[in-house]
Every structure is written in C-alpha cells, then in structure tokens.
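Trainee: Return a 3D structure for these sequence lines:
(chains A and B)
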Protein chains: 2
Amino acid sequence: MYVVCPDLEGILVPEIWISVAEKAGIEELRLTTRDVPDYDQLMRGRLEILKRVNLKIRDIQEIIQSMEPLDGALEFLEWIRERFQIILVSDTFVEFADPLLEKLNRPTLFCNSLIIDADGTIADYQLRQRDGKRHVVEALRGLGFEVIGIGDSYNDSTMLEAANHGILFRPPQNIKSEFPHFPVIETYEELKLVLEGYL
Amino acid sequence: MYVVCPDLEGILVPEIWISVAEKAGIEELRLTTRDVPDYDQLMRGRLEILKRVNLKIRDIQEIIQSMEPLDGALEFLEWIRERFQIILVSDTFVEFADPLLEKLNRPTLFCNSLIIDADGTIADYQLRQRDGKRHVVEALRGLGFEVIGIGDSYNDSTMLEAANHGILFRPPQNIKSEFPHFPVIETYEELKLVLEGYL
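Mentor: The predicted structure is shown next:
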C-alpha cells in the first residue's frame, strides 16, 4: 500500500516566501530552501527582516490568502487522492498554510508552527521535530507503507533518500546537480505516468 | 500540534459488513468488531460465508456504492479538517472503502487490503500490520503530534490507550462496560465541544 508524500511549496503551490517578498516588495525575503541548505539560518534571517519592516502575522496571512495553487495542482492532487493515500510534508507553518489547504480541498499536511506575540509579531518558529520530513517518511515505512516522496529543495533531500521512491519535481539546477540520483520530473502529466507505474 | 484519528465505520459511515449483511440478506454477516474481539476469527468467518454464498468483490462493492455516510458525518469531518490534521484509521480494506471516502471528500485513510482471485473471489485479507491502529497512533506521537483517537469497538481499544486523548463515540454497551475509563460521546455536536477544548 502506498502513501504519496509531496512537499507543498514548489510542488502544489508557489513558494510562499517568494510571494510574500513580491507582494510586500521586500527583495531579501526571496531566499528559500532551494537556495539555503541551513533551514534555521534561513528562518532566523526571515524573522529578522519581518521584525525590521514591521510585517505582522495578519499581513502575511492576507498575502497568502490572495495566492492560488499552481496551475493544474488541484486536479493533480484529486487524481492522486483517487488512487493513493497522501500526506503533504512541508516545512511551512500551519498559520501560513491554511488558506492554501482550503483551496486544495484540505489534504492532510504535516508541517511546523509559529510562535506569535500578543501584538501579532512572529517571535519565533517551532519545528515539530528536527529533519521532520525524513521522520514522517520513516514512520510511514514503519507502518508497512511504501512511500513515494516528491520534493524540489534541500530540505526534501533526506525524505527523498528515506522514501522507497524519491522524485524531484521542477527542481532548480543546483538541486538537480547536487542530487543527480533522483529522477527529475517537470510536469504533472509526467508525474501521473510515473505514479501509475506503482498501481 | 494535533492529529485526530477517527475510526471509519460506526463513527463516520455505517458498519460496512452490517450493510452488506442486510442488503445481501445474509444474517451471519452481521457480526462486527463490536461483537467479536478476535479480528482474525471474525474475518475468517466472513470470508467463509462469502465463498459459501458466492458473493464476489464486485457484488460487495456494488452494495457499498449504495451506502451513505452517517447523518452529519461529512459536515463534522469538514469541521475537523478546518481545525486539525486528520488520518482515518480503520480495519476495513481499500477495496471496500473507496466509494465511501469519495463521499467524505477523500480524507487520508490508513487501513488494510484484500487478496482477490482472478474470478473476483475474496481469497484472503492482508493486515498492513498487526494492531495497525495502535502503531499509527504511536508513530504519530513519535513525530511530535498529540493524537486524539475516536473509536467504538474492540479493535479501537489499543489505539485509544496509545492516544493522548481516547474517546468512545456511540459505543455499544459491552464496549462501554469493558473500557469504562474512556469518555463516551453520543453526538457530533458534543464531540465538537470536546475537540474545541484542545484548540
């Protein structure tokens, strides 16, 4: 029995931080896990910037509310859900993901959370656990599932290694070069063909 | 962060085997995990009966196709999904569950599978693992989640014990008596109140 574990950003929805960077006009917020291997360093930097420009949780949620899933993502996700079990694995935060999950018909998502001050400042972030995506994949395998992991970033590499089948979807060149042993897929149609092979 | 783990049958949809028993007119198929503590003994008996009366997988799927979720179940499930992550845990089989999952907007379900002969006879069943529900709850706790388990039968008792919060929903009297330490809830409205307490 299979569980498909796709990452959220880059796979089904746009990169949230890039959208926030663009819509809030803050160039420095454009860096993502595709660029920076150290997630904590990346997040510390983001929280610094948010405090400096006085962007509160409500401001960010408003921006995210205006985002849409990637073209074809909802149909692709429905296609998966008719054929496999699915758990989205992401390093985003529940406080960010909610409006996007709603637009995706609320698939189950395992991610992290934020610590928010009384005035709405994002004070800190809380990983559910370190290397959480890999642990999810390992736990699912321990439950007797075969896991198909789909990611695009540095923070997906250990879960793709841990999965029975690891797939890179539309990865940037640096990820492709650093992890040449994962198959690289560029469209949902191709991805369906690969997934169909497991049925 | 919470994951809610409801059982499927009795909680969100009617007992599948009771529906099959009624619609196929086979009284002996009415026994469920609410009556028989030994799941393997229960399943061996069911498969014997199906072979004897020559009921094939297609016949059973047709009956299940005509079933509906319990009154209010879809709304209740949507309510949970807006507030918590959710994984349904069931000892049913993917081959049975599919039409009901579709009517519930396809929440993630962890369950078992059937071994089906070329002529459509259900030859055997395959547990994903022994005591699978408990293992799911333990794995989720190992991933840093607090787990709220909701069940009604013998085969739920170990997962309710393993959960941070175990709840019996509309259990029959024998289950209530044997597991008096779990709170007993009779309606979705009451269940929402309890779940709201964890938000």
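Trainee: Setting aside sequence neighbours, what's the nearest residue to residue A:199?
Mentor: residue A:83 (6.2 Å; CB to CB, 6 or more residues apart in numbering or on different chains). C-beta: built from backbone N, CA, C; applies to glycine.
Trainee: ok, how many other residues are close to the nearest residue to residue A:160 once chain neighbours are set aside?
Mentor: By the measure of CB to CB, 6+ apart, the closest residue to residue A:160 outside its immediate chain neighbours is residue A:166, 3.0 Å from it. Here the number of neighbours of residue A:166 (other CB atoms under 10 Å in any protein chain shown) works out to 23.
Trainee: does stretch A:84-95 come close to chain B?
Mentor: Yes. Interface with chain B: stretch A:84-95 contributes A:85, A:86, A:87, A:94 (CB under 8 Å from any CB of the partner chain).
Trainee: for the third one, what are its contacts?
Mentor: Yep, that's residue A:87 we're talking about. Applying CB atoms under 8 Å, 6 or more residues apart in numbering or on different chains, we find residue A:87 in contact with A:3, A:4, A:5, A:107, A:108, A:109, A:110, A:136, A:140, B:87, B:108.
Trainee: Tell me, how many residues neighbour the fourth one?
Mentor: Looking back up the chat, that one is residue A:107. Count around residue A:107 with other CB under 10 Å applied: 22.
Trainee: Help me confirm that it is found in a strand?
Mentor: No. Applying DSSP: H, G, I helix; E, B strand; the rest coil, one finds residue A:107 to be coil, outside a strand.
Trainee: Pull the contacting residues for it.
Mentor: Neighbours of residue A:107 in contact, by CB under 8 Å, 6+ apart: A:77, A:81, A:86, A:87, A:88, A:101, B:108.
Trainee: got it, and residue A:72?
Mentor: residue A:188 are the contacts of residue A:72 under CB under 8 Å, 6+ apart.
Trainee: Could you tell me the phi and psi values at it?
Mentor: In terms of degrees, to the nearest 10, the main-chain angles of residue A:72 are phi 90, psi -10.
Trainee: coming back round to it: of all the residues of stretch A:84-95 next to chain B, which comes closest to residue A:51?
Mentor: Here the nearest of the residues of stretch A:84-95 next to chain B to residue A:51, counting by CB to CB, is residue A:94; it sits at 20.8 Å.
Trainee: secondary structure element for the residue nearest to that closest one when sequence neighbours are not counted?
Mentor: Residue nearest to residue A:94 in three dimensions, not counting chain neighbours: residue A:113, with 5.3 Å by CB to CB, 6+ apart. According to DSSP states H and E, residue A:113 maps onto strand A:109-116.
Trainee: in its sheet, what does that strand sit against?
Mentor: strand A:88-93 (parallel), strand A:122-126 (antiparallel) (DSSP bridges).
Trainee: list the helices and strands the strand or helix carrying residue A:160 packs on?
Mentor: Following DSSP H and E, one finds residue A:160 within helix A:157-162. When contacts are defined as 3 or more CB pairs under 8 Å, 6 or more residues apart in numbering or on different chains; DSSP states H and E, helix A:157-162 packs onto helix A:132-142, strand A:146-151, strand A:165-169.
Trainee: which residues are contacting it?
Mentor: A:5, A:89, A:131, A:133-134, A:136-138, A:141, A:147, A:149, A:151, A:166-168, A:175, A:178-179, A:182.
Trainee: and that helix, which residues are buried?
Mentor: The neighbour-count check on helix A:157-162 (16 or more other CB atoms under 10 Å in any protein chain shown) flags A:157, A:158, A:159, A:160, A:162 as buried.
Trainee: How much space separates the second one from residue A:191?
Mentor: Distance of residue A:158 to residue A:191, given as CB to CB, to the nearest Å: 21 Å.
Trainee: Just confirm the residue nearest to residue A:160 contacts residue A:194, I think it does.
Mentor: No. Counting by CB atoms under 8 Å, residue A:166 does not reach residue A:194; the two are 11.4 Å apart.
Trainee: Overlap of the contact sets of these two?
Mentor: By CB under 8 Å, 6+ apart, no residue touches both residue A:166 and residue A:194.
Trainee: what about residue A:181, how many neighbours?
Mentor: If we define neighbours as other CB under 10 Å, then residue A:181 has 8 of them.
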